[in-house]
Structures are given as structure tokens and as C-alpha cells.
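Undergrad: Build me a model:
(chains A and B)
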Amino acid sequence: MTIALPAEAAVQRRPFKIDMSWPVLLAFAALLCVLIVLPMSWLVYYSLVDKAGAFTLGNFVTLFSEPEFRAPLVTTLMLATSASIFCCLAAAPMGWLVARTDLPFANAVRALVTASFVTPPFLGAIAWELLAAPNSGLLNKLYRHLTGAEMGEHIFNIYSLTGLIFVISCYTFPYIFVLVANALDRIPGDLEDASSMLGGSAATTARRITIPLALPALLAGMLIAFLQAMTLFGSPAILALPAGFHTMTTKIWSLFQFPPKPELAAAASLPLLVLTVMLLRAQHMILGRKGYSVVGGKTGDPRLIRLGVWKWPAVAVVFGVLMLPVFLPYFALFNAAFSPIATTLVTPENATLKNLWFTFSLSSTKIALQNTFVLGALTATLGTAMALVIGYITVRRAVVGHQALGFLATAPIAIPGIVLGVGLFLAYTQPPFVLYGTIWILLLAYLTIELPAAFQQLSSAYKAVGNDLEDASRILGATRLQALRHITAPLLRTSVIATWCFIFVATIRELSAAIILFTSDTKVVSVLIFDLKESGDLGAIAVLGLLMLLLTFAVVIAINRIPGFGAAQRLRNT
Amino acid sequence: MSKRQVSRRAVLKGSAAAAVTVFAAPVRAQLPLASPLNDALIAAAKKEGRVSFYTAMDLDFAQRLGKAFETKYGIATKVERSGAERVFQRIGQEYGAKIYAVDVANTADAAHCIIWKRNGWLAPYLPEDVAKHYDKAYYDPDALSVVTRILVSPIAYNTKLVKAEDAPKSFKDLLDPKWVGKMVKGHPAYSGTIMNATYQIARDLGWDYFEKLARQKVMQVQSATDTPKKVELGERAVMVDGAGYLVIRYKEEGAPLEIVYPEEGTPLATGPSVVFKSAPNPNAARLFQNWMHSREAQQFLVDWARQYSAHGQTVEKPSVRPLRDLKLMKEDPEAVEKEAESIKKRYAQIFKV
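TA: The predicted structure follows:
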């Protein structure tokens, strides 16, 4: 905790004395090094030693020679590839419909996509178990009811690789949707107008103008979807065991079973890390050259395409797709919360409050809720503050060496949650920093995981504001502080709120690092739900999951309504 | 508690003696004096005001047990429930980082107590009731652990999906092709009951039994407390193993479940509880351990949870078939302790998870 203090101090001090920027830079660089470099060094160190601490490559030999490790690696790659393709197929057309056509209820669609982003992947997986378990799943029951098929026949089997790919896609597609929709929002209408004025048909315009301009965002989205699917722990932890296979993340977690094998866990984490870094480099190489400068110009709003007769079919398809991540799972959870047996349909006769009563009688419920929301708020506040300072320093090039700071703040994006969990566990269970057993280790984990997204959001916000306005106010005699307060701060307000909410939501739904780092006193809701899943207490999970979502939405709405601070702002840049 | 226990007791005695010769180098101390439940302990415990109880028992009952203690003594009881192997792993991970958060732990795998004892983590404590009313086979000779509950891991089926005449009678019956894709099973890396059941089945029927079983497309879940729930839901028709007491309770609450004690013998697991030496609330821990093995709490265990008690004065629940009437597989915590890792590894190879 103490090491996070310089951040706050810096926030307050920086505007007064620009001479302080060097110490500030150094403090932040040191802080980021501790956050990132320390756990990663321990990870590499552990992967190269044996139990006795002597140097060995044996861990990697085991990793690549034993089928029990090779199989999960192959499964994970298949999973990530297919999930990113599925996400792309669903999200890209939807993003186009919302951003570039006169699709009715476009704002409702954006809100629903946000809802599916807020849903933790493990909760979504449990909800889909309630819906599509081959025998007890509600959808399969409906199918048998409608067709009169025999017990045992089913149309969906969620306990399969396909099932897992489907569930992961359900809660990963928002990443692609948001990137594509935002990119399409920004494409200036005059380019398309020019194309059609020069005689290009709608198809030609799409092929030559719109698609090439949106392609970088789509590729970036696919990459993020791939990385998310590859490093996700929540959904596989729920579905992979009954389906009879391991993914890399569940395998890494299982290495912490007694007797724990942290050196193997460290070794198994490194391929995920290396692959992530390679993919990010590849993305940089592909996209780095293509500078489509479509942002910041003074061009007209994008032209909305009229869907005509296709309007209502399009609405039907979009809402049909949104049934999968949002409507159906929430219905299943709601049903389970008030049903005597999780997958029995609630009727006025059998409705029960016993699940509610049971959930609130649990001694862990209160402490987990408290930990979760305290950590969420702390991470969001500190993370936003850090990103604000680092973003300002790098975008305004306030000091020499700002690039290094930017790199450090982006680096954690390459670290999957469970890998970071392993690294932090190795780093903070031994001197000089013993933090395991406190909520501060979770705070560090969450801060590290969320910093890249926060930094990117806020630095792009700084870029969007531009220097001109600030400079103009300085020329007119304002001090730097006054310029920041009267010009930059008001313009950044919505971005700050959006970033705060983004980090808050992402923290609440985090499981992969928490599952390695929690102790009984520092349990969070995601871990509690995971434990309840182990013993099959589905009713309690439904109650807790819905409560968690309700509270999350309440906080997000409240933050957006703070008088004089947040104007009504939807969570768009998620 | 039952006449049948003689052979089991003999085994436990023998193995305890073996354990002593191997692990207890110094001359054996006298068994600590039985501790009565007196006002001084209650006052000291109330002063601490809280106790943290790690357990593998079904959450619903664990929570009720904690609440009953809380109501009686006004001591806040924090219940940490997960599968016994995860409880064990958690305590190991916390102790490895010098975090002493657990006061009392109740496991479903007696092998854990052997390891904790060897590590020197346990505090000797012998509640008076245990000294008076428990068979010596049910507590550690150094008073480091007491059996809180005795578990069996039978087969069970959903009566809506399986007719009584078609129901399996033995583990061998489960290899019939008609059960392909219809069974659910717990996992020894998460559940202590299943760890012991796996050891016993592999010992008595051979590992090739599991190899054949794995070809039946068995659905794998973690906890022994989850398999009865999956059968109740109708997700699978038959459970291969799991908490027998839950099957009986759910059935009596109206679920379409029926229990089958397999012909080859029913796997058995005793669930001992321990007080930790570094317990943060040492008095509350002892009071809880004392109360949990009192006739009152043990009768609650029998009546509500439908588990077997080792307390000599508890009255059996008529709907639960007494242990003495069951053909049981023989429990062997020492062997489980030695073979746990290889059991998990072999199991993972066979079932792929």
C-alpha cells in the first residue's frame, strides 16, 4: 500500500511545480517496475529452478513432453482461435448496424452489449449450465417438451469444447463490438460520399472505403478476443472439468493443489506470456504502418445507411443474438434464485425465498461483498489517478523518458491474469514484501491488470483534447494549473468517469488472479461464487450473482450522477 | 457405536501405533487430561468473540452448525467451506506464508491429520465428552484430532429416470453400456471423501475398474456434495460416488433419489476435526471443538445432516441405515497419505481431468 502513496502525492503536486516532473517520473517508473517487473522476475526465476532451488530446465521439459500439459495447450489454442472468429462474426456486423445504419433501438443495443460486458464470464458460464446442460438444462427441457423426445436426447451440450467456445464468445464479443462501432463512428462521411459521387456503388464504397478503414479496429478486436479467450480462467473453470478436459489456465490452477508445484505453474505460465507478447508485436507490425488518420479532422458526421425493408429483420437478428449473452442467462439466473431446484421453472406455487435466506445466512457473504466493493472502488480510484498522471506525462511529453513510462504502463496487457496471480503470489509471500493474506496484494493485482486499459483510454482522451486549447489559455495569461482546471479537466470529465467505471466493473468480475491470491479473510465475491459452484449450490450462486450485478449497476449509475461531476454518460469505451 | 467397528478399530489402532513409531521420536507423553466444558473456557472464548472454522461438510449444514454455536455462546463463527483437498491445500498455502487464520478444521480425509500432526501444527485437546463417550479408535492417541462425522460414499440414482428394477446394485453394474453418458462422479483432487473412495475402490477392484468406468463417459464434478445435487437436478441418472448423507436428506425432503449400497462394499471416510496450535482464537477454538463433539451437536449432526456420529450416546436416525448393517470398504488413512499424489496423477491420466 505504501508504495502506492507517491501516486496520490504526485497528483496533487505536479501542476504546481513543473520542476517536480523528474522525481514524479522516477517515482512512477519505480512504482511500475515494482508492480510489473518484480512478480515477472520471480516467475522466470521459479520456472528455471527445481524444488531445491538449483538451476534446471526440467520444468520446461516436463511441460512439453508430458501429454497432460501438451493437451491443454492445444485445447487452449483451438479455443482461443475459434472464439475470436465467432466473436468477430457476431460483433462486426452488429457494430456496423449500430454505428452506420438507422437501426432502431441502437442505444438499447449498446446498453445490452455493456450488460454482457459487465457479466462475469464465470457467472455467464454457470447461467449457461442452467440453460444448456444436456439433461437438466432449461433449453433442452423445452426441446424435449416441444418434440416429445426421450430423456437423454438434447440439442445443446454445454459440457463440451464447443459449449465452452460458445460461452466464452458470449462474454468476449463486446470487446470487438466496441472497437468496431467506435471506429465506424469515427469514419468521416465525406469519404464515403466522395466515393458514391464518383460513381461507386454501395458495395464498392463498402469494399474500398468503409471496410479498409474499419479493418484495423476489427483486427485489433480479434486479437483482444483471442487473448481474452486464451487467458480466461472463469468459464473454463466452470465447464472444462465436467466436459473432461483442461485448458492452460485450469491446468495452472490445478498445479496449486497439494503438493503445490509453483515451479511448474511458473513454467506453464510462460508460454501464455510469450504468445501474448508475440501477438501484440504482430499486431503492432500489421497496424503500425497503416496510419489511417480519420480522427480529429473537421469532417461531417458519418452518413447513416437506410435499412429500408431490412430494418425489422435486422432488429430481430440483433436482439436474437443478444438473447444469448444477456436475456436467456439472466432469465435462468433469476429463475434459479427463486426456484426450489435450480432448473425447475418457477411457478407461483413453488416459488421460494430459501435461496435468498440461505445466501444471506452465509458467514462469507458479507465479508466477500465488502471486500469486493472496497477493492473495486480503491482500484478504480487509484488506477484512474495513476493513468491520469502517466497519460498526461506521456501525451504532453512533459519530461524526457516519457516513452519508457508509457511502455511500462502498457506492458501488463501482455500478462494473463492467472500468470500475474502466480507471479504476485511468488513475489509477495516472501521478503522484502510480504503482502499475501491482505487485500493489498489483490489491490496490486487488480491495479496491474487494469492499468493498461485505463492508460490507453485516458491518453487517447488527452490526445483528443489536444494542446491548442490549453496553449491558447496559457497565451491568454492563465497559469498551467488554471489551464488544467478550466480547460482540460472539464473536457476530460466524461473520460475519467468512463475509465473509473471500466476499472470498477473489470475488478468486480476478476477471478483468475483472485483465485490464486485470496485467503479466507480476503475472499471476494467471484471466489465465493466459485466455491459455491464446487459444492453445486446453484440457488445461492444465482442470488449472489444477481445481487453483485445489481450493486455494480447501482455504483456505475451513481458515479455518473454525481452532481457537477458526471453528466449522464454511458459506458461506451469499454 | 457399533459392533462392526471392531475390525476397523483394530486397523486404526495398529496404524496409529505404526504412525507413532515412525513419527513420534520422543517418549510418548501421557494422553492429555480430558478437558471439561467449564466457565473459565467459555469466558475466555467469549472474550475472543470469534472463531474460524474450515470444513468440507455440506455448506448448508456447516452454516447451521456455526449458527447454532453462535446462538449458544454469542461467538461469531466464520465458516469456510470447500472440498477437503482444497481445505487442506488452503491451510498449507496460508501456513506456508505464515498466515494463521484457521482455528478449527474439519476434513473428510483422515490422511490430512497425519500430515498436520507430522508438521507439528496441531494442538492437543481432548473434550470431556470424547474421553467418556467416544471409542478410542475415533480420536488420536495424542488427542490431536477427533472424528466428528463418519461418511459413506454410496451409489445413488434418480427414481424418475431409473426404475428400481433397472437400478445398479454394484460398482460392476455401472460398467453396463446402458449407463454410458448417464453417470456423474466426484474428483479426488478436490474431495476428501472421493479421495478415500478412489483409494478403496482401486485397492479392492483394481485400477482397471476405473479405466473401464472412464469409457462410460462419466461427467466429472469436483465435490462429493455436488454429485447428489446433479442427480437431483436430473442432469445425470446415477452418481458413482458422493455424500450418502445428502442423498438421504434430499430424499426425505421430497427429491426423487434412491441410495444404493454397492455389493462390493461401500467406501468409508471418517471426517476428523483438529484445533491448530497457532489458532488466532485458541479458547474459542477449544470451546468449538468441545461443543462440536458434545451430544447436543452430534445429535444435530445425526438428525438434521443424516451423518454418522462417533458419540456413544447419540440416538440413530431410523431412516438412515446403521453402519453396522452395511458392508463397508476398509478405510486406510496411512495408505491414502502415502499414495495421494500418485492416486491424483493416475486418476487424471484415466479421466483426462
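Undergrad: Which positions in the stretch 101-250 of chain B make contact with chain A?
TA: B:101-102, B:161, B:181-182, B:187, B:189-190, B:219-223, B:225-226, B:229-230, B:232-236 (Cβ under 8 Å from any Cβ of the partner chain). C-betas here are computed from N, CA, C, even on glycine.
Undergrad: cutoff 6 Å now
TA: B:Ala101, B:Ala189, B:Met219, B:Gln220, B:Gln222, B:Ser223, B:Thr225, B:Asp226, B:Lys229, B:Leu233, B:Gly234, B:Glu235 (Cβ under 6 Å from any Cβ of the partner chain).
Undergrad: Restricted to strands, list these.
TA: Within those, residues falling in strands by DSSP state E are B:Met219, B:Gln220.
Undergrad: what's the spacing between B:Ile343 and B:Thr193?
TA: Counting by Cβ to Cβ, to the nearest Å, the separation of B:Ile343 from B:Thr193 is 13 Å.
Undergrad: Next: B:Lys345.
TA: 19 Å.
Undergrad: Also A:Pro271?
TA: Counting by Cβ to Cβ - A:Pro271 and B:Thr193 are separated by 35 Å.
Undergrad: hmm, back to that, more neighbours, B:Lys345 and B:Thr193?
TA: More crowded of B:Lys345 and B:Thr193, by other Cβ atoms under 10 Å in any protein chain shown: B:Thr193, with 31 against 13.
Undergrad: any idea which helix or strand comes after the helix or strand where that one lies?
TA: For B:Thr193, the element it lies in under DSSP states H and E is helix B:192-205. Downstream of helix B:192-205, the next assigned helix or strand under DSSP H and E is helix B:207-214.
Undergrad: what about that next one, average pLDDT?
TA: Average pLDDT, helix B:207-214: 97.
Undergrad: rewinding a little: name the helices or strands packed onto the helix holding B:Thr193?
TA: Packed against helix B:192-205 by the contact rule (3 or more Cβ pairs under 6 Å, 6 or more residues apart in numbering or on different chains; DSSP states H and E) you find helix B:333-351.
Undergrad: Check which residues of the helix it packs on are buried.
TA: B:333-337, B:339-340, B:343-344, B:346-348, B:350-351 (16 or more other Cβ atoms under 10 Å in any protein chain shown).
Undergrad: Can you tell me which of those comes closest to A:Thr101?
TA: Of all the buried residues of helix B:333-351, A:Thr101 sits closest to B:Phe351, with 50.1 Å by Cβ to Cβ.
Undergrad: neighbouring strands for the host helix or strand of B:Tyr157, and are they parallel or not?
TA: Per DSSP H and E, B:Tyr157 falls inside strand B:155-158. Using DSSP bridges, strand B:155-158 pairs in its sheet with strand B:238-239 (antiparallel), strand B:257-260 (antiparallel).
Undergrad: Which one of the residues in chain A is closest to chain B?
TA: A:Gly536 (3.5 Å; Cβ to the nearest Cβ).
Undergrad: interface residues of the stretch 251-400 of chain A facing chain B?
TA: Counting by Cβ under 6 Å from any Cβ, the stretch 251-400 of chain A sits next to chain B at A:Gln257, A:Phe258, A:Thr343, A:Ser361, A:Leu362, A:Ser363.
Undergrad: please redo it, this time with the cut-off set to 7 Å
TA: A:254, A:256-260, A:341-343, A:358, A:361-363 (Cβ under 7 Å from any Cβ of the partner chain).
Undergrad: Mind checking which of those land in helices?
TA: A:Ser254, A:Phe358, A:Ser361, A:Ser363 (DSSP state H).
Undergrad: which stretches of the stretch 251-353 of chain B form helices?
TA: Here the stretch 251-353 of chain B has its helices, by DSSP state H, counting those that start in this stretch, at B:282-292, B:295-303, B:333-351.
Undergrad: Excluding its own residues, what touches the longest one? List them.
TA: Yep, that's helix B:333-351 we're talking about. Contact with helix B:333-351 is made by A:68, A:259, B:15, B:18-19, B:109-111, B:114-115, B:188-189, B:195-196, B:198-199, B:207, B:210-211, B:214, B:220, as judged by Cβ atoms under 7 Å, 6 or more residues apart in numbering or on different chains.
Undergrad: and what of the second one?
TA: When contacts are defined by Cβ under 7 Å, 6+ apart, helix B:295-303 is touched by residues B:65, B:68, B:129, B:149, B:291, B:307, B:309, B:311, B:313-317.
Undergrad: at 10 Å what do you get?
TA: Contact with helix B:295-303 is made by B:57, B:61, B:64-65, B:68-69, B:72, B:129, B:133-134, B:148-150, B:245, B:288, B:290-294, B:307-317, B:320, as judged by Cβ atoms under 10 Å, 6 or more residues apart in numbering or on different chains.
Undergrad: and the angle for it with helix B:282-292?
TA: 60 degrees (axes from the mean of the first three to the mean of the last three Cα atoms, to 10 degrees).
Undergrad: mind listing what's buried in helix B:295-303?
TA: B:Ala297, B:Gln298, B:Gln299, B:Phe300, B:Leu301, B:Val302.
Undergrad: got a markdown table for these, with pLDDT too?
TA: Output for those, formatted as a markdown table (pLDDT from 0 to 100):
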| residue | pLDDT |
| --- | --- |
| B:Ala297 | 97 |
| B:Gln298 | 98 |
| B:Gln299 | 98 |
| B:Phe300 | 98 |
| B:Leu301 | 97 |
| B:Val302 | 97 |
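Undergrad: Tell me the one of those residues nearest chain A?
TA: B:Phe300 (15.9 Å).
Undergrad: How about the contacts made by residue 239?
TA: In the absence of a named chain, chain A is used. A:Leu239 neighbours (Cβ under 10 Å, 6+ apart): A:122, A:125-126, A:128-129, A:133, A:158-161, A:163-164, A:166-168, A:245, A:247, A:250.
Undergrad: Please refer instead to chain B.
TA: B:Met239 touches B:153-158, B:183-186, B:218-219, B:221, B:224, B:226-232, B:246-247, B:257, B:259-260, counting by Cβ under 10 Å, 6+ apart.
Undergrad: Could you rerun that using 8 Å?
TA: B:Ile155, B:Ala156, B:Tyr157, B:Met183, B:Val184, B:Lys185, B:Thr227, B:Pro228, B:Lys230, B:Val231, B:Val247 (Cβ atoms under 8 Å, 6 or more residues apart in numbering or on different chains).
Undergrad: What segments of chain B are strands?
TA: So, for chain B - with DSSP E - the strands run B:50-55, B:76-81, B:104-106, B:145-152, B:155-158, B:183-185, B:219-220, B:238-239, B:257-260, B:268-275.
Undergrad: right, so those: which one is the most enclosed?
TA: Counting by mean count of other Cβ atoms under 10 Å in any protein chain shown, strand B:238-239 has the highest mean neighbour count of the strands of chain B, with a mean of 29.
Undergrad: Next one, pLDDT for the most centrally placed residue in chain B please.
TA: Centroid-nearest residue in chain B: B:Ala108, 2.6 Å away (criterion: Cα atoms, centre = their mean). B:Ala108 is assigned a predicted lDDT (pLDDT) of 96.
Undergrad: quick one: it and B:Thr193 touch, right?
TA: Yes - between B:Ala108 and B:Thr193 there is a contact under Cβ atoms under 8 Å: 4.7 Å.
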